[in-house]
Each structure stands twice: as C-alpha cells, then as structure tokens.
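In: what shape does this take:
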Amino acid sequence: MLNAVPGLQVISSYRRGWLARDAVAGVVLTMLLVPQGMAYAELAGLPPVTGLYTTITCLIAYAIFGPSRILVLGPDSSLGPMIAAAIIPLMANGDSQRAVALASTLAIMVATIMILAAVAKLGFIADLLSKPTMIGYINGLALTILIGQLPKLFGFKVKADDLIGELTGFVKGLVNGDAVPAAAAIGLGGIAVILVLRRWQPRVPALLVMVLLAIGATSVFNLAAHGVSMVGVLPKGFPPFTVPHVRVSDLGPLAAGALGIALVSLADTISTASVFAARAGNEVRGNQEMIGVGTASLASGFFQGFPVSTSASRTAVAERSGAKTQLTGVIGAGLITLMIVFAPGLFRNLPSSALAAVVITASLSLADVPGTVRLFRQRKAEFLLSMAAFLGVALLGVLPGIGIAVALSILNVFRRAWWPYDTVLGLVEGLAGYHDIRSYPHALRLPGLVIYRFDAPLIFANAKNFRDEVRRISRTHPRPQWIVIAAEPITDVDTTASDVLLDLDQELDAESVTLVFAELKDPVRRKVERYGLTRQIEPRCFYPTIGAAVAAFREETGARWTAPGHDPSEVVLESKAGDAGPPLGVPDSPQGD
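Out: Numbers count the residues shown, from 1 in each chain. Predicted coordinates:
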C-alpha cells in the first residue's frame, strides 16, 4: 500500500523538524506559482484562473501519488502551446467555457495514457525523443512561444494559424500603430526586471517583484485608462468536481494531441526527476512517476484544469528554499486556494502584458542555444537532426513538430543500424589485440587474410549491406583466401541475416574464399546454432577468438605478418609465441580500436 501511495509513506516517516522548512518553502513557492499559473493558462488559450485551479489540484494529487519528495508539478510553458494547438481548432467564437471543457478532457486523456503506460511498464517510451531532436523541438517551441506572445506584450492581438502568420501580423500591427505604448512599457520593463534579478539577485523572487511593480504602476499611472488590458477579478471560490462535456467528434483530434503532450510531459518529468534524484542520491522510479503525473493531470481534468508537467525551475526554487517533502506543494496549494476564495481581486490590476513578460522569459530559459552549438561542433549529423526538429515545429506547428521529432529520433536509430561503422583490422606492434586500420594505417596484415569488423547487430535492415561489403572485400586484389568476421560487436543475428549469411558462404565457397567467424557471443552462437548455420557452414569456420582464427590460417598457409605495401615474402615480424597468438608475446584480446 505504501509503495502504491507514496504520500502515505511520507506521512508515516515525517519528521517534526521538517515542518518549518516545508512551510517556508511553500510560501516562497506560492509567489512563483501564482503568476506562472495564470500566464501559462493564457498561453494555452484558457482563462487565467484555470491555471490556479490546475496548480492546486495537481500539487495535491502528486503529493499523494508522486514518488519524488521534492519535484514540483504545475502548468508548464512547454505544454501551453501544445494544449492551445489541440483545443483552438475545435473552438468557435472564442467560447471560454468550451475551451475549458476541451482542455479538461485533454487532461483526462493524458492522464489515462500515462497511467496505462505505467501499468504496462512503458516508461522507456520517453527515450523515443533523443536529446538532439528534443533540443531542436524545444528550441522551436521557445521561438513559437516568443513570437506568439509579442502582440500581447505590446497590447494588441493577432489572428494567425502559424508562426510566419503571427510574425507577419505582429510586424503589421506595429507598422499600423496598433501597439499600446503603456502596455509595451510594462511588458518590456517586466522582462528587464526578471532577467536582471535572475542574473544578479537569483535569491530574490523575480516574478513576484515584477508582478508587484506592474500592479503598482497600474495604480499610480491609471494604466487601464491608457488602453492597457488587465487580468481583472478572478472568479471567486474553487470549482466543483466537474465531468467535462465535449462532442464525440472532438475526441479524435484531442487524442492525437494527448499522445504528444503525454510524451513530452513524460520525457520532461523523467529528465527533471533524474537530475534532482541524483543530487539526493535517490533512484528514479519511472513508472511511479508516470502514475504521479498521470493522477495530477487526472485531478486537474475534473476540476476545470489542463495537463501538467514537472518544472525544473519551480523544483529548484523549492529545493533552495529548504523543501523536504511534498508538504511544500500542499502548503502552496492551500495558500492559492485561500487567495481565490477570500481575495479573488488581488490581481485585478495586473496588466496582461506583464503575464506575457512571464511567458517570454520562460521561453528564453527553454531555449538551449549552447546545446545546439555543441551539437554543431561535436557531431554535424545530430545537429542536422536537431535543426530538422526545430524547423518542423517552427514551420508546421507544435503538434506536427512533436511527431517529426519522434520520427527523426526513430529514423536516426535505424540509420545507425542500417549503416553501422565497419572496418578492417590489423596487428599493431606493441598493442594487444587487433585494431582499426583507419586509426593505425601502418598496422600489419596477413597476406590472404582479411579481418572484417561490423559494429552492429546483424538484422534484416543491414544484412545486405554486410553482404555487399564482404563481397567487395572478397574481390579485392590480391583476392583473400579467408575473410574472418570479428563478430564480438554483432549482438544479434535474425532469420533474415541468417539466410543472407548462408547464401554468402555458399557464394564465397564457389570462389574459393572461406568465410570465418571469430568471437561470436554465446547468445548469438546459440541463435546461429538454432538456425542451423553451424550444420551447413563447416565447424572449422567458427573460432573462439580472432587469434585462434589467425593461428589456424597461418598454420594452413604459412603466411607471415607484413606491413602494407611490402612484399608478402618479406618477414616483417614473427610471433614469439609461434602460431598460437600475435607477435611480441602480446596476448590476444577481443578488444580493439
């Protein structure tokens, strides 16, 4: 019972000395939760108060079912555009009640996906997003958020369905004089306050300071009279338990959005949980994390909320403030509830452009420009994958972008399986084993023998590439008598590859070339035996080590090690251990470069 409901375990082991720290951290965290909750709700195309409903319910639900003692959940900047992309096409005439119903249904769908995935132990699906594609996706998302919030920052609205349309509309609005100077001053000033405080006074609650300054400016300069839009008085009280009502025709499009949101939320949760668990010396329980986040979204869905995820920034604030358990989040939820019940007008004079400033600074922290630069410097292929994911989000939209990111990640895995690294090995004086001749071009060779290494499982996708390369080697001049497959990197052989190997062996036999396997792993050897290859290919063609195969070839042919380009009759190096192993008394090793 305690494992299924981690909150009970926390209660049973709670220490009295933690209470003061959790209480202080809860108060500090609330200062961050309120403006972010409202801002991210608007980012999702929903009324600001729904962000507070979502924050309250998800914090309580995760405190009960979440395994992490410190992780903080809530509305998230990376999910906001995805939620908007899922619900806005299904809305008509900006009906806020329908938007809330759609978002709540989306939250329930996301919760269902995550809980079912946890029961089926599918936590590994977070790996469908490789880091390069995730960087590209998040960078595209950050750009989408930034451009989408610019009109709001300047006090006007733009109707557009894509990033280019929003950017064009923003520029036209500026040219046509639609910007509200007072709103722009509040928005740009808010961004400056947040960035400056985060840079030089990181312990100061930058968002709270900016919000208080914006509310103060509204009162002093009567900004509402200058055309600045305000948040206004929030609906009083907490909403009742509500089952959202949507049309049957809405379920299909919402389900597609829910899959993407669940994937991003899961990947974000696992990565954030891993960072903070490592600091505390704990292990991440991936499937229980999915249940925790799933129940948090489920609770939000039944109380007019929307899907949630973890937040590294809010979790870091809680950690720095001394949080010990999820009581921190429960206290935060309680304080927000008191606010909307007893003081719903507390933020009535908060300019909407100030919320845009909150979202824009969040988008700036989302972007990972240094990570992109590192990919460019270290691996161009992964940089191109990252840029493709970035362009997919920027040009096609948020939800198609996550599909492109997943597809690119999967294709990258297949690309490496289709065209793995392969090489010919030689003997390097003074080094154990046999080594890549690309790294050691002066490595010694045995005339008539080629040692070929294929660094991947041998499966249907690459078996023909393997066959073609072995064929090419067999037809080089002078033609080899033996081709030894250094098989240690081959971790699997499927039935398609087995058939290819058999045909290749027969083809090479007809050309008087012997195909030899060395260092087959035991599980692979058992599969090969089950396929019948060891009955159809001569037993002498299987050796436990490369050294044993080399020794057998030298005993049969009398070949001697030579340097590249030397006359094969010239003895370059003799083995001190005879034909039983490599020269200079170096023991044979399956490892190599």
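In: test my guess that residue 218 contacts residue 228.
Out: Yes: counting by C-beta atoms under 8 Å, residue 218 does reach residue 228; the two are 7.2 Å apart. Where you see a C-beta, it was placed from the backbone N, CA and C, and this is true even at glycine.
In: host element of residue 211?
Out: Assessed by DSSP states H and E, residue 211 sits inside helix 206-221.
In: I'd like to know which elements that helix is packed against.
Out: Secondary-structure packing of helix 206-221 (3 or more C-beta pairs under 8 Å, 6 or more residues apart in numbering; DSSP states H and E): helix 18-43, helix 181-200, helix 352-366.
In: and the next element down the chain from it?
Out: Sequence-wise, the next helix or strand downstream of helix 206-221 (DSSP H and E) is helix 248-280.
In: any idea of the mean pLDDT in that following helix?
Out: On average, the pLDDT along helix 248-280 is 87.
In: same check, this time on stretch 173-185
Out: On average, stretch 173-185 scores 96.
In: let me see the contact set for residue 296.
Out: 57, 58, 59, 61, 62, 65, 66, 73, 111, 308 (C-beta atoms under 8 Å, 6 or more residues apart in numbering).
In: hey, where'd the strands end up in the stretch 451-593 of the chain?
Out: With DSSP state E, counting those that start in this stretch as the criterion, the stretch 451-593 of the chain has strands at 482-486, 514-518, 542-543.
In: run the angle between the first one and strand 514-518 for me.
Out: Going back to what we said before, that points to strand 482-486. Taking axes from the mean of the first three to the mean of the last three C-alpha atoms, to 10 degrees, one finds strand 482-486 and strand 514-518 inclined to each other by 20 degrees.
In: sorry, back to before: residue 218 and residue 228: which is more packed in?
Out: residue 228 (26 against 21; other C-beta atoms under 10 Å).
In: gap between that one and residue 215?
Out: From residue 228 across to residue 215, the span is 12 Å (C-beta to C-beta, to the nearest Å).
In: what count of nearby residues applies to residue 337?
Out: For residue 337, the tally of surrounding residues (other C-beta under 10 Å) stands at 17.
In: that one falls within a helix, correct?
Out: Yes: under DSSP: H, G, I helix; E, B strand; the rest coil, residue 337 falls within a helix.
In: that one: what's it in contact with?
Out: Counting by C-beta under 8 Å, 6+ apart, the residues that residue 337 touches are 56, 238.
In: and residue 450, which of the strands of the stretch 451-593 of the chain is closest to it?
Out: strand 482-486 (5.2 Å; C-beta to C-beta).
In: using PDB, write out every CA atom in that closest one.
Out: Taking C-alpha atoms only, strand 482-486 is exported to PDB below (Å, rounded to 0.1, in the frame of the first residue of the first chain):
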ATOM      1  CA  TRP A 482      40.000 -16.200 -45.700                       C
ATOM      2  CA  ILE A 483      37.600 -13.400 -44.600                       C
ATOM      3  CA  VAL A 484      37.500 -13.500 -40.800                       C
ATOM      4  CA  ILE A 485      34.400 -11.800 -39.300                       C
ATOM      5  CA  ALA A 486      35.400 -10.200 -36.000                       C
END
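In: in that strand, what counts as buried?
Out: 482, 483, 484, 485, 486 (16 or more other C-beta atoms under 10 Å).
In: try stretch 211-227
Out: Using 16+ other C-beta under 10 Å as the test for burial, stretch 211-227 gives 211, 214, 215, 217, 218, 223, 224.
In: save these as a markdown table, and put in distance to residue 521 and pLDDT too.
Out: Shown next, in a markdown table, are the buried residues of stretch 211-227 (distance: C-beta to C-beta, whole Å; pLDDT from 0 to 100):
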| residue | distance to residue 521 | pLDDT |
| --- | --- | --- |
| 211 | 61 | 92 |
| 214 | 65 | 95 |
| 215 | 67 | 95 |
| 217 | 70 | 95 |
| 218 | 70 | 94 |
| 223 | 72 | 93 |
| 224 | 74 | 91 |
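In: ok, so of the residues you listed, who is nearest residue 276?
Out: residue 211 (26.5 Å).
In: the closest one contacts residue 350, doesn't it?
Out: Yes: using C-beta under 8 Å, residue 211 is in contact with residue 350, at 6.2 Å.
In: overlap in contacts, those two.
Out: residue 35.
In: before we move on, back to that, would you convert the buried residues of stretch 211-227 into a markdown table that also reports distance to residue 525?
Out: Shown next, in a markdown table, are the buried residues of stretch 211-227 (distance: C-beta to C-beta, whole Å):
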| residue | distance to residue 525 |
| --- | --- |
| 211 | 67 |
| 214 | 70 |
| 215 | 73 |
| 217 | 76 |
| 218 | 76 |
| 223 | 77 |
| 224 | 79 |
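In: can you pick out the most distant pair from those?
Out: By the measure C-beta to C-beta, 211 and 224 form the most distant pair in those, at 16.4 Å.
In: in the stretch 451-593 of the chain, which spans are helices?
Out: For the stretch 451-593 of the chain, the helices defined by DSSP state H, counting those that start in this stretch cover 463-474, 495-510, 522-531, 533-536, 546-557.
In: if we can go back for a sec, deepest of the helices and strands packed on helix 206-221, which one?
Out: Ranked by mean neighbour count under mean count of other C-beta atoms under 10 Å, the helices and strands packed on helix 206-221 are led by helix 352-366, which reaches a mean of 24.
In: average model confidence for it?
Out: For helix 352-366, the per-residue pLDDT averages 92.
In: so which elements touch it?
Out: Short answer (3+ C-beta pairs under 8 Å, 6+ apart): helix 352-366 packs on helix 18-43, helix 131-153, helix 181-200, helix 206-221.
In: against which helices or strands is the helix or strand just after the first one packed?
Out: When you say that, I think you mean helix 18-43. As assigned by DSSP H and E, the chain's next helix or strand after helix 18-43 is helix 48-65. Here helix 48-65 touches helix 6-12, helix 18-43, strand 73-74, helix 96-119, helix 286-301, helix 327-342, going by 3+ C-beta pairs under 8 Å, 6+ apart.
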